[in-house]
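>>> Predicted model and sequence below, questions to follow.
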Amino acid sequence: WTCGNIFCGSCDSNVLSIVFVGYRQILSMEVSYTELEAAEKYLNENSVQQGFVVNKLRSKKSKKGELRKVWYACVHSRNYKKPEYIDTEKKKWQTTTRHQDCLWRATITCIDSLWKITVNNDSHNHDMAEDLSAYHEMRTLRDKDKKLVQKLTLAGATPHVIMATLQQQDPSVKLISRDVYNMHKIFRKEELDGRRPIEALLDNLQETGEFHQLKRNAEEQLTHLYFSPSEALSLAKQFYGVVLIDCTYKTNRFKLPLLHAVGVTPCNNTFSFGFAFMASETESDYMWSLSCLKTSFTGKTPWVFVTDRDLALMSAIKNVFTTSSNILCAWHIAKNVASNCKKYFTTQEDYKAFQMQWRNIVNASMEDMYTEQVTMLQEKYPDMYGYLEETWLVHKQHFVKAWVDETCHLGHLVTSRVEGQHSALKSWIGCSTGDLKDVYSKIRLSINTQQNAIHQQIQSEKLKSLVDLTHEIWNKVHHKISVYALRKTFKQMKR
């Protein structure tokens, strides 16, 4: 028997004796190669054919530093050594090991410029494996597959998607999710290049030139970080009139709230443009973040901020953007009023009558109408008036139509857009255990995808026109105003 290739030029032996023991093939004679790599390849291939895997134990060099001898053993060699700090009685049932003190040994020795393989002990004390994919040493990828894994990782693909992609391309690939996670760690280590994650993040922000500002405490620890991707910020400066802003949570391992600012395009698309990791949600935290947002806008001031009833955020908006209006989310108001007032009613009819009265207040288009409706509410529902006055009516200028309509809000009276962006963002982030660099990378992927779709739609609408708008008055605005805005205008004209 030869080494498997009858035309092999690196094998110095013409004949290799094989002895059969049960169903295993055992090397019984020496075989030589001109290169160590070829000898190792043969040794590994032969062991795999038999149903086991070998590991390199140690090596020996000459006085000149040249490698002379390498020792190999079965992966089941050695004995499991229990750490001293583990209580055997409690941990024994939880601990597993593949070390079984297997005696199989082999060496590859350099003699007269030839590398000779010698099996010193061919005994195994375990069964041969039926499927070698159980050994992590056998679950290795080719270089091109590793590059594919790296590309998919950078694109935000999950380990399960990466595994499915590799197996579709090559069904012989044997991977488990842990292998993909291990490759992620290798890629991450290469990317960090000895830096801490936050140092790598700040270097990246500096290199890309993205707008960002940071704040440190007295111990020089990072407490606040605001950033705005360049493409998104450019879009925000074009369509800055309405900004919806809200905090989201469970995005990072440090449990920092993430302040998320979004805008709206003329095509009725929502886009994210501003992000701030904050130490807490006090007024000073919000003021710092909003000051960063104001600086990034370089002189442009939003007409309206749409938020929920966060008193600290409302106060910060009032102090930083003195000329902007702040509208409270109508949906959150309705839900809060329902949860606090419904318990006072015994019948559904009475509760619906109360809801109608409350809607009359919210939709009052003049201050006199508002005062009249509030008086009626106080007379009909005195038990609930105290809560409504203290919690909501004190902020009437932020949600009642008579005051809200004084500002051009373009119909944005709820925060559902920013909450929808929260959900979309978290689908990219995936988990709440990543560091700030991980979260930033996922946000960038989300922004890139979002910006591509928005720019495509804007360019597409420049080439289209509404077939129903054939009158000559529309000729000058076709391809210059978005289809969504034209439909709104046409609907208004028909009233």
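Thanks, I have it. Residues are numbered from 1 along each chain as shown.
>>> and the longest helix for this protein?
helix 436-461 (DSSP state H).
>>> Buried residues of whichever strand or helix holds residue 388, list them for me.
Assessed by DSSP states H and E, residue 388 sits inside helix 382-391. Residues 384, 388 are the ones in helix 382-391 that count as buried (16 or more other Cβ atoms under 10 Å). C-betas here are computed from N, CA, C, even on glycine.
>>> The helix or strand following it - what's its average pLDDT?
As assigned by DSSP H and E, the chain's next helix or strand after helix 382-391 is helix 401-404. Helix 401-404 shows a mean pLDDT of 96.
>>> what does helix 401-404 contact?
Residues from elsewhere that reach helix 401-404 (Cβ atoms under 8 Å, 6 or more residues apart in numbering): 325, 327, 362-367, 369-370, 396-398, 413.
>>> distance between that helix and the chain's centre?
40 Å (Cα atoms, centre = their mean, to the nearest Å).
>>> Give me the buried stretch members for the helix or strand just after that helix, please.
Later in the chain than helix 401-404, the nearest helix or strand by DSSP H and E is helix 416-429. For helix 416-429, the neighbour count (16+ other Cβ under 10 Å) marks 417-419, 421-422, 425-426, 428-429 as buried.
>>> Stretch 203-212 too?
Neighbour counts using 16+ other Cβ under 10 Å place 204-205, 210-212 of stretch 203-212 among the buried residues.
>>> Residue 215: what secondary structure?
At residue 215 the chain is in strand, as set by DSSP: H, G, I helix; E, B strand; the rest coil.
>>> repeat for residue 318
At residue 318 the chain is in helix, as set by three-state DSSP.
>>> The nearest residue to it once chain neighbours are set aside: how many residues sit nearby?
Nearest in space to residue 318, with sequence neighbours left out and distances taken as Cβ to Cβ, 6 or more residues apart in numbering, is residue 326 at 6.9 Å. Per other Cβ atoms under 10 Å, the neighbour tally for residue 326 reads 22.
>>> ok, now residue 393?
Neighbour tally, residue 393, other Cβ under 10 Å: 17.
>>> Repeat that for residue 139.
Residue 139: 16 surrounding residues under other Cβ under 10 Å.
>>> Do I have it right that it meets residue 133?
Yes - counting by Cβ atoms under 8 Å, residue 139 touches residue 133, with 5.9 Å between them.
>>> if we can go back for a sec, report the buried residues of the next helix or strand after the longest helix of the chain.
Downstream of helix 436-461, the next assigned helix or strand under DSSP H and E is helix 483-493. Buried positions in helix 483-493, judged by neighbour count with 16+ other Cβ under 10 Å: 483, 486, 488.
>>> swap in stretch 168-182?
173-175, 179-180.
>>> Just the CA trace of that stretch, in CSV.
Output of stretch 168-182 as CSV, limited to C-alpha atoms (Å, rounded to 0.1, in the frame of the first residue of the first chain):
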residue,chain,number,x,y,z
GLN,A,168,-26.4,25.5,0.8
GLN,A,169,-23.2,26.2,-1.0
ASP,A,170,-21.5,23.0,0.2
PRO,A,171,-23.6,20.3,2.0
SER,A,172,-20.4,18.6,3.3
VAL,A,173,-19.7,21.6,5.6
LYS,A,174,-20.2,20.5,9.2
LEU,A,175,-20.6,23.5,11.4
ILE,A,176,-22.5,24.3,14.7
SER,A,177,-23.4,27.7,15.9
ARG,A,178,-20.5,27.7,18.4
ASP,A,179,-18.0,27.5,15.5
VAL,A,180,-19.5,30.6,14.0
TYR,A,181,-19.4,32.5,17.3
ASN,A,182,-15.8,31.5,17.7
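>>> and the spatially most central residue of the chain, what pLDDT?
Using Cα atoms, centre = their mean, the residue of the chain that lies closest to the mean C-alpha position is residue 429, 2.1 Å off. With respect to pLDDT, residue 429 scores 93.
>>> do the one 4 residues further on as well
The score at residue 433 is 92. That number is its pLDDT.
>>> contacting residues around the closest residue to it other than its chain neighbours?
Nearest non-adjacent residue to residue 433, counting by Cβ to Cβ, 6+ apart: residue 253, 5.0 Å away. Residues in contact with residue 253 (Cβ under 8 Å, 6+ apart) are 432-435.
>>> Please apply the same query to residue 167.
Listed by Cβ under 8 Å, 6+ apart, the contact set of residue 167 reads 173, 175.
>>> shaky segments in the stretch 251-400 of the chain?
Applying pLDDT under 70 to the stretch 251-400 of the chain flags no residue at all.
>>> And the strands in it?
Using DSSP state E, counting those that start in this stretch, the strands of the stretch 251-400 of the chain run over 258-264, 270-277, 304-307, 325-328.
>>> between those, which one is nearest to residue 36?
strand 270-277 (51.7 Å; Cβ to Cβ).
>>> got a list of what residue 438 touches?
197, 252, 429 are the contacts of residue 438 under Cβ under 8 Å, 6+ apart.
>>> How about residue 314?
Residue 314 touches 307, 326, 395, 398, counting by Cβ under 8 Å, 6+ apart.
>>> which residue sits closest to the last one, ignoring its sequence neighbours?
Pointing back at residue 398 there. Counting by Cβ to Cβ, 6+ apart, residue 328 is the residue found nearest to residue 398 once chain neighbours are left out, at 4.5 Å.
>>> how close does that neighbour sit to residue 193?
Distance, residue 328 to residue 193, by Cβ to Cβ, to the nearest Å: 47 Å.
>>> The two: which is more packed in?
residue 328 (24 against 9).
>>> Okay, now the unreliable bits of the stretch 51-200 of the chain?
Scanning the stretch 51-200 of the chain with the threshold set as pLDDT under 70 gives 82-94.
>>> quick one: contacts for the residue nearest to residue 318?
Going by Cβ under 8 Å, 6+ apart, residue 326 touches 304-307, 314, 317-318, 398.
>>> before we move on, back to that, including distance to residue 128 and neighbour count, could the contacts of residue 253 go into a markdown table?
Formatted as a markdown table, the contacts of residue 253 follow (distance: Cβ to Cβ, whole Å; neighbours: other Cβ atoms under 10 Å):
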| residue | distance to residue 128 | neighbour count |
| --- | --- | --- |
| 432 | 44 | 13 |
| 433 | 40 | 9 |
| 434 | 42 | 18 |
| 435 | 44 | 15 |
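>>> how about these in JSON lines, adding distance to residue 378 and secondary structure?
Shown next, in JSON lines, are those (distance: Cβ to Cβ, whole Å; DSSP: H, G, I helix; E, B strand; the rest coil):
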{"residue": "432", "distance to residue 378": "45", "secondary structure": "coil"}
{"residue": "433", "distance to residue 378": "51", "secondary structure": "coil"}
{"residue": "434", "distance to residue 378": "51", "secondary structure": "coil"}
{"residue": "435", "distance to residue 378": "53", "secondary structure": "coil"}
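>>> Check which residues of stretch 249-262 are buried.
For stretch 249-262, the neighbour count (16+ other Cβ under 10 Å) marks 251-252, 256-262 as buried.
>>> cool, and stretch 235-250?
In stretch 235-250, counting by 16+ other Cβ under 10 Å, buried: 235-236, 239, 241-248.
>>> Between those, which sits nearest residue 115?
Closest to residue 115, out of all of the buried residues of stretch 235-250 and judged by Cβ to Cβ, is residue 248, at 60.6 Å.
>>> Could you report the separation of the closest residue to that closest one other than its chain neighbours from residue 262?
In this structure, residue 248 finds its nearest non-sequential neighbour in residue 422, 4.3 Å apart by Cβ to Cβ, 6+ apart. Distance, residue 422 to residue 262, using Cβ to Cβ: 9 Å.
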